[in-house]
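Asker: Next input, structure requested:
(one chain, ligands or ions: 2)
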Amino acid sequence: MTLRFDNSYARLPDRFYARQAPVPVAEPGLVAVNRALAARLGLDADWLESPAGVAMLAGNAVPEGAEPLAQAYAGHQFGGWVPQLGDGRAILLGEVVAPDGARFDLQLKGAGRTPFSRGGDGRAWLGPVIREYVVSEAMAALGLPTTRALAAVTTGEPVLRETGAMPGAVLARVASSHIRVGTFQYFAARGDEDAIRTLCNHLIERHYPQANGPLDLLRAVVAAQARLIAGWMSFGFIHGVMNTDNMALSGETIDYGPCAFMDAYHPDRVFSSIDRGGRYAYANQPQIGAWNLAQFATCLLPLMGEREAAIEAATEAVHGFGPAFQAEWLARFGAKIGIAAATEADLDLIETLLSRMALLRADFTRTFRGLLEDTARAEFAEAEAFDQWEGLWRDRLAQEADPRAVMARANPARIPRNHRVEEAIGAAVAGDLAPFQRLNAALARPFDDDPAFADYSLAPRTDQIVHRTFCGT
Ligand code: AMP
Ligand code: MG
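Answerer: Ligands and ions are numbered 1, 2, ... in the order given. The predicted model follows:
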């Protein structure tokens, strides 16, 4: 099996990365190969599952044409500046060119130490690998831009974490690129204008070929993030670590650390054990998105001509986030209540429902899906709160041509609920991959009714609720 590589990032100047091969592991073992994604990339899934394929996925064999490297980047973590982060446990093997010409980064996460590892061991354990596999694939199935999971393998080596010695694993991650806000910040902080210009041109060529220069690029990135974050909000997704190094400039969701899909709705919901101040709470995500984009804009200023004018134009572009997000949010939430093209006049109706859901901690996914199935009322501890809203809603829907079809496309029956993800992780660590496989199958078509997967639509019982999530690094 030969992979078709064309490694544009490896052709950028040396200071963009450190050349670094994956560190071989003791005993590679197959966990999963994503056959549909393999087909999309033009890779032979049978080969990936063979001993030679598993050896590559574990980092024990570097495929011909790969030019493995660890990318340099910096970032604001929880608002605090860190001048050097970089791939501390991920190796970019190279860029695979699919049969249709699309280009994808192929990265091994958990592939060993790199010059950017700082104190870390460069490894991942099976729990976070399973979590990222399930949740990133669910995100893709929900129709949102995201990094993907091509495969997961175990290493046969223990990884030491707070919880003790855990089974080591490697995730083969696929992304349209891994260029982050933090990649620009790395060079901006060093006053390396040449590098910023090179990276800007690379980004335009790769993701925004229609953009005419840095200001236009900034506008396109702002629009992509507004779309993405509104999409997250519409499925009750909380990213959990929206540091600038975890914002991909392609507009894809990246870094499935302590992320979670909410069960009971509340705008202040936080899951991450390390997010003590609630900086990355559900309802803060748009503001944080705009804050991160302001950091990106700052990096581009040296390319934008005269300083005063550049600041004014960049500020205006970043301020475009608010209206862009609002429009995307309205379209998404309008659709969730069956309105094909919601306008400002519909805001009240949407917000009234959300505030009642928050007050009564109604399950986010079940309530919206319930609007389609006439079961939403049961999600409210005090049903009158719903009944009153329902009257207004039905009046509004009388003006819609096919509200059920609109809702069916906007309201999934199944999301990767935390307790089911935890269940899959627990079983996998104990050697049973069946719950992981069944969960993936259930989430592959989240908008379809499927009686075989009805249990995944259930909210957790009180004793099943997961209150905290962990990065697992
Ligand atoms: P994350 O929290 O996954 O966004 O990672 C933040 C930074 O820590 C990145 O530079 C990672 O490469 C690095 N990092 C996380 N876990 C490890 C690890 N086990 N070994 C080395 N570096 C790590
Ligand atoms: Mg990260």
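Asker: going forward, measure contacts between C-alpha atoms and count neighbours the same way
Answerer: Will do.
Asker: So what's the residue count around residue 420?
Answerer: Residues lying near residue 420 (other CA atoms under 10 Å) number 20.
Asker: swap in residue 209?
Answerer: Other residues close to residue 209 by other CA under 10 Å number 13.
Asker: Residue 206 too?
Answerer: Residue 206: 15 surrounding residues under other CA under 10 Å.
Asker: What separation is there between it and residue 95?
Answerer: For residue 206, the distance to residue 95 (CA to CA, to the nearest Å) stands at 12 Å.
Asker: cool, and residue 263?
Answerer: 37 Å.
Asker: cool, residue 361 as well?
Answerer: Distance, residue 361 to residue 95, using CA to CA: 45 Å.
Asker: Those two: which is more packed in?
Answerer: Neighbour count, other CA under 10 Å: between residue 361 and residue 95, residue 95 has more, with 27 against 17.
Asker: for the helix or strand where that one lies, packing partners?
Answerer: Remark: residue 95 resides in strand 90-97, with elements defined by DSSP states H and E. Strand 90-97 sits against strand 69-71, strand 103-109, with contacts defined as 3 or more CA pairs under 8 Å, 6 or more residues apart in numbering; DSSP states H and E.
Asker: Spell out which residues belonging to the stretch 151-300 of the chain are near ligand 1, please.
Answerer: Neighbours of ligand 1 within the stretch 151-300 of the chain, by CA under 6 Å from any ligand atom: residue 246.
Asker: can we see that at 8 Å?
Answerer: Contacts of the stretch 151-300 of the chain with ligand 1, taken as CA under 8 Å from any ligand atom, map to 241, 243, 245-246, 255, 257.
Asker: Export these as a markdown table, with columns for secondary structure, distance to residue 397 and pLDDT.
Answerer: Below are these laid out as a markdown table (DSSP: H, G, I helix; E, B strand; the rest coil; distance: CA to CA, whole Å; pLDDT from 0 to 100):
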| residue | secondary structure | distance to residue 397 | pLDDT |
| --- | --- | --- | --- |
| 241 | coil | 38 | 97 |
| 243 | coil | 40 | 98 |
| 245 | helix | 42 | 98 |
| 246 | helix | 39 | 98 |
| 255 | coil | 38 | 97 |
| 257 | coil | 39 | 93 |
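Asker: Quick one: end-to-end distance for stretch 232-243.
Answerer: The first-to-last residue distance of stretch 232-243 comes to 16 Å (CA to CA).
Asker: mind checking how far it is from the chain centre?
Answerer: Computed by CA atoms, centre = their mean, to the nearest Å, the separation of stretch 232-243 from the middle of its chain amounts to 8 Å.
Asker: what residues does it touch?
Answerer: Stretch 232-243 is contacted from outside by 75-79, 144, 255-262, 265, 270-272, 275, 280-282, 285, 288-289, 292, 329, 332-333, 336, 364-365, 411, using CA atoms under 8 Å, 6 or more residues apart in numbering.
Asker: Tell me the buried residues in stretch 447-455?
Answerer: For stretch 447-455, the buried set under the neighbour-count rule, 16 or more other CA atoms under 10 Å, comprises 447, 453.
Asker: Output it as PDB, nothing but the C-alphas.
Answerer: Output of stretch 447-455 as PDB, limited to C-alpha atoms (Å, rounded to 0.1, in the frame of the first residue of the first chain):
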ATOM      1  CA  PHE A 447     -30.900  12.300  12.700                       C
ATOM      2  CA  ASP A 448     -32.400   9.000  11.700                       C
ATOM      3  CA  ASP A 449     -34.900   7.300  14.000                       C
ATOM      4  CA  ASP A 450     -33.400   3.900  14.700                       C
ATOM      5  CA  PRO A 451     -35.200   1.600  17.300                       C
ATOM      6  CA  ALA A 452     -32.100  -0.500  17.600                       C
ATOM      7  CA  PHE A 453     -30.300   2.500  19.100                       C
ATOM      8  CA  ALA A 454     -33.200   3.900  21.200                       C
ATOM      9  CA  ASP A 455     -31.200   3.500  24.400                       C
END
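Asker: That one - what's its average pLDDT?
Answerer: When pLDDT is averaged over stretch 447-455, the result is 98.
Asker: Name the surrounding residues that touch it.
Answerer: Contact partners of stretch 447-455, identified using CA under 8 Å, 6+ apart, comprise 142, 408-414, 442.
Asker: again, 7 Å this time
Answerer: 408-409, 411-413, 442 (CA atoms under 7 Å, 6 or more residues apart in numbering).
Asker: Then stretch 90-100?
Answerer: Residues from elsewhere that reach stretch 90-100 (CA under 7 Å, 6+ apart): 3-7, 22, 41-42, 66-70, 103-111.
Asker: Mind listing what's buried along that stretch?
Answerer: For stretch 90-100, a neighbour-count test (16+ other CA under 10 Å) marks 90-98 as buried.
Asker: Can you give the distance of that stretch from its chain's centre?
Answerer: In this view, stretch 90-100 has its centroid 19 Å away from the chain centroid, taken as CA atoms, centre = their mean.
Asker: next one: stretch 173-182
Answerer: Distance of stretch 173-182 from the chain centroid (CA atoms, centre = their mean) equals 11 Å.
Asker: And for stretch 32-50?
Answerer: Here the centre of stretch 32-50 is set off from its chain's centre by 21 Å, with CA atoms, centre = their mean.
Asker: Same question for stretch 400-407.
Answerer: The chain centroid and the centroid of stretch 400-407 are separated by 28 Å, computed with CA atoms, centre = their mean.
Asker: Many thanks, I have nothing further to ask.
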